[in-house]
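S.K.: I would like the atomic coordinates for the input below:
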Amino acid sequence: MFDKLKDALTKFARIGVADKGAVEALVKDLQRTLIQADVDVKLVFELSKRIKDEALSEKLPAGLTRKEHVVKIVYSEVIKFLGEAQPEISLKPKKILLVGLFGSGKTTSAAKLATFYKKKGMSVGLIAADTYRPAAVEQLKQLGEKIGVDVYGTDEKDAAKVAKDGLKKLSGRQVLIVDSAGRSALDAELRDELKGISKAVNADERLLVLSGDIGQAAKKQAVEFNGIAGLTGVILTKMDSSAKGGGALSACHAANTNVQFIGTGEKMDDFEVYDPTRFVSRMLGMGDLEGLLEKAKDAMDPKKAQELMDGEFTLESFYAQMEGMKKMGSFGKIMEMIPGLGAMKLPKHMMNEQEEKMDLWKYIIDSMTPEEKRDPEVIDSSRMQRIAKGAGTEPSEVKNLIKNFRQIRKMLKKFQSGGLKGGAMKNLMKAMGGA
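M.R.: Numbers count the residues shown, from 1 in each chain. Predicted coordinates:
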């Protein structure tokens, strides 16, 4: 859905004159995209009318062209449409109960939520109270081991008893997350089980886990689960590629249910607080610098980051930055957070090639001596041959790395002196990917 909205805005931005015909064509593109994404038709036409009425108003805000005015209106209206309120995530000790149907991603979301709170400096425990699905307990234990979080789970079939015992066993943890069972539909058996476990846990937060590809059906599930557990929020999963993700977001908003978190990929770190403004900005190709800086802060070594800012940029610090970028997510995710680059559509195979290139560069740097890492200018043809052999590659790849390193170092000097403009920023990102 968001790719098509981005395409519609890009198409509009390229037209010569933003007249009535151009605005109406944009609105039709938006309508088609939203309806295909399972957004309620009535809501779509209400949104369309507001955009058209505001966009064709004769009075323009000071300093904006008609085209800029229309893009700003669409951006603002989409944010309102998906729910403007940003959730307040408390870092106080709490018990969290996760509920939802089969296939929503509850167990994985439990581990991602645990990772989120662990990164905030809180001690976390996971309780495997899904006694219905085979291997659910083992799956959560494996995920817990992967992220370094204790998991309580047994062969006991009474979910409420498992939850109670788990709360006692892990009572020293600041955040306790209970993973409950699901079904293919919200039947009487699941209702009774959820009522029992809800009473046993007496959770501070009760979060419904929904798959982003559920579309408009999210509203019905939010209402039904709210009636059983008294929801305090929603976690939307599979928001990285779902064509109906916007439909699920709008449906939750229509059901007066606050989306707290969204899952944006398969890794444990692909999980974030749902900030409507930043999310829509990123999805429409306008970037999210605040989010990028937060990711960088978590991923980058502070000492190496300071070296970067102070101008002491060597192949060693370059290596550290590549390690940090890996922790921040895929190259494509980083690009979409940078204003001006988020709208660029690079083929997936090209993104993969860039990441493979960065992996190769790490092997090359590993094959260098400390002196060569500090000062690559000492690398002559014979050293290049030796380094390439150690990295299992060709000398031309070593040469390519050094060329890109010089380019990045040159641009960083411009950045430090305040002379790095938009075009140079794009070149810097290309250099980081080896393009």
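
S.K.: Per-residue pLDDT of the residue nearest the centre of the chain, please?
M.R.: For the chain, Thr264 is the residue whose C-alpha lies nearest the centre (CA atoms, centre = their mean; 4.1 Å). Thr264 is assigned 84 on the pLDDT scale.

S.K.: quick one: it and Phe271 touch, right?
M.R.: Yes. With contact defined as CB atoms under 8 Å, Thr264 reaches Phe271; the gap is 7.1 Å. In short, each C-beta sits where N, CA and C put it, glycine included.

S.K.: ok, the residue nearest to the centre of the chain - contacts?
M.R.: 239-240, 270-272, 333 (CB atoms under 8 Å, 6 or more residues apart in numbering).

S.K.: In the residues you listed, which residue is surrounded by the most others?
M.R.: With neighbours taken as other CB atoms under 10 Å, the top of the contacts of Thr264 is Met239, carrying 27 neighbours.

S.K.: Could you check how far that residue is from Ala37?
M.R.: 12 Å (CB to CB, to the nearest Å).

S.K.: Kindly report the same for Gln407.
M.R.: Distance from Gln407 to Ala37, by CB to CB: 41 Å.

S.K.: surely Gly233 meets Cys252?
M.R.: No. In this structure Gly233 lies outside contact range of Cys252 using CB under 8 Å: 9.3 Å.

S.K.: all strands for the protein, in order.
M.R.: Secondary structure of the chain by DSSP state E: the strands cover 94-99, 124-129, 150-152, 175-180, 205-211, 233-237, 259-263, 271-273.

S.K.: okay, the ones you listed in TSV with distance to Ile402 next?
M.R.: TSV is the format used below for these (distance: least, CB to CB, whole Å):
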stretch	distance to Ile402
strand 94-99	50
strand 124-129	44
strand 150-152	47
strand 175-180	47
strand 205-211	46
strand 233-237	43
strand 259-263	39
strand 271-273	36
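
S.K.: I'd like to know which of those is closest to Arg374.
M.R.: Distance to Arg374, taken as CB to CB, is lowest for strand 271-273 among the strands of the chain, at 37.1 Å.

S.K.: that older thread, and Gln407 and Ala37? Which one has more around it.
M.R.: Counted by other CB under 10 Å, Gln407 and Ala37 do not tie: Ala37 has more neighbours, with 23 against 15.

S.K.: for the stretch 101-250 of the chain, what spans make up the helices?
M.R.: 106-119, 136-147, 159-169, 188-201, 218-229, 245-254 (DSSP state H, counting those that start in this stretch).

S.K.: Which among these is found nearest to Lys80?
M.R.: So among the helices of the stretch 101-250 of the chain, helix 245-254 is nearest, using CB to CB, at 9.0 Å.

S.K.: Any stretches of the stretch 1-150 of the chain with poor pLDDT?
M.R.: Applying pLDDT under 70 to the stretch 1-150 of the chain flags residues 1-2, 58.

S.K.: For Ser76, see how far away Phe45 is.
M.R.: In terms of CB to CB, Phe45 sits 18 Å off from Ser76.

S.K.: Next: Gln36.
M.R.: On the measure of CB to CB, Gln36 and Ser76 end up 22 Å apart.

S.K.: got it, and Leu143?
M.R.: 39 Å.

S.K.: quick one on the thing from earlier: what touches both of Met239 and Ala37?
M.R.: With CB under 8 Å, 6+ apart, Met239 and Ala37 have common neighbours Gly245.

S.K.: Near the nearest residue to Asn226 once chain neighbours are set aside, how many other residues are there?
M.R.: Nearest residue to Asn226 in three dimensions, chain neighbours excluded: Thr257, at 6.6 Å (CB to CB, 6 or more residues apart in numbering). Thr257 has 23 neighbouring residues, counting by other CB under 10 Å.

S.K.: can you tell me which residues contact Thr257?
M.R.: 208, 222, 226, 231, 233-234.

S.K.: Filter the residues you listed down to the buried ones.
M.R.: Among these, those buried by neighbour count (16 or more other CB atoms under 10 Å) are 208, 222, 226, 231, 233-234.

S.K.: right, and out of those residues, which lies closest to Phe12?
M.R.: Val234 (31.6 Å).

S.K.: could you measure Gly100 against Ile214, distance?
M.R.: 10 Å.

S.K.: any common contacting residues for the two?
M.R.: With CB under 8 Å, 6+ apart as the test, Gly100 and Ile214 both reach Gln221.

S.K.: Please report how far Leu91 lies from Lys118.
M.R.: Look at Leu91 and Lys118: by CB to CB, they are 12 Å apart.

S.K.: meant to ask about Tyr319
M.R.: 27 Å.

S.K.: same check, this time on Ala55
M.R.: 46 Å.

S.K.: low pLDDT regions in the stretch 201-350 of the chain?
M.R.: 241-243, 282-283, 285-313, 321-350.

S.K.: hmm, try it at 50
M.R.: For the stretch 201-350 of the chain, the stretches with pLDDT under 50 are 288-289, 292-293, 338-344.

S.K.: wait, isn't Phe218 in contact with His253?
M.R.: Not quite, residue 218 is Ala, not Phe. No. Ala218 is beyond contact range of His253, at 9.6 Å (criterion: CB under 8 Å).

S.K.: So which of these two has more stuff around it?
M.R.: A side-by-side neighbour count of Ala218 and His253, using other CB under 10 Å, places Ala218 first with 30 against 22.

S.K.: Return the residues in contact with the more buried one.
M.R.: Counting by CB under 8 Å, 6+ apart, Ala218 touches 210, 234, 236, 247-248, 251-252, 255.

S.K.: how much space between the nearest residue to Ala254 once chain neighbours are set aside and Val27?
M.R.: Leaving aside its chain neighbours, Ala254 sits nearest to Lys219 (5.5 Å; criterion: CB to CB, 6+ apart). Per CB to CB, Lys219 is found 24 Å from Val27.

S.K.: So which residues make contact with stretch 386-400?
M.R.: Stretch 386-400 has contacts (CB under 8 Å, 6+ apart) with 360, 363-364, 366-368, 372, 379, 381, 384-385, 434.

S.K.: let's see 6 Å
M.R.: Under the criterion CB atoms under 6 Å, 6 or more residues apart in numbering, residues 363-364, 367-368, 384-385 lie in contact with stretch 386-400.

S.K.: Drop anything exposed from those residues.
M.R.: For the contacts of stretch 386-400, buried by 16+ other CB under 10 Å: 364, 367-368, 384.

S.K.: and Ala160, what pLDDT?
M.R.: At Ala160, the model reports a pLDDT of 95.

S.K.: for it, what are its contacts?
M.R.: With the criterion set at CB under 6 Å, 6+ apart, Ala160 makes contact with 196-197, 200.
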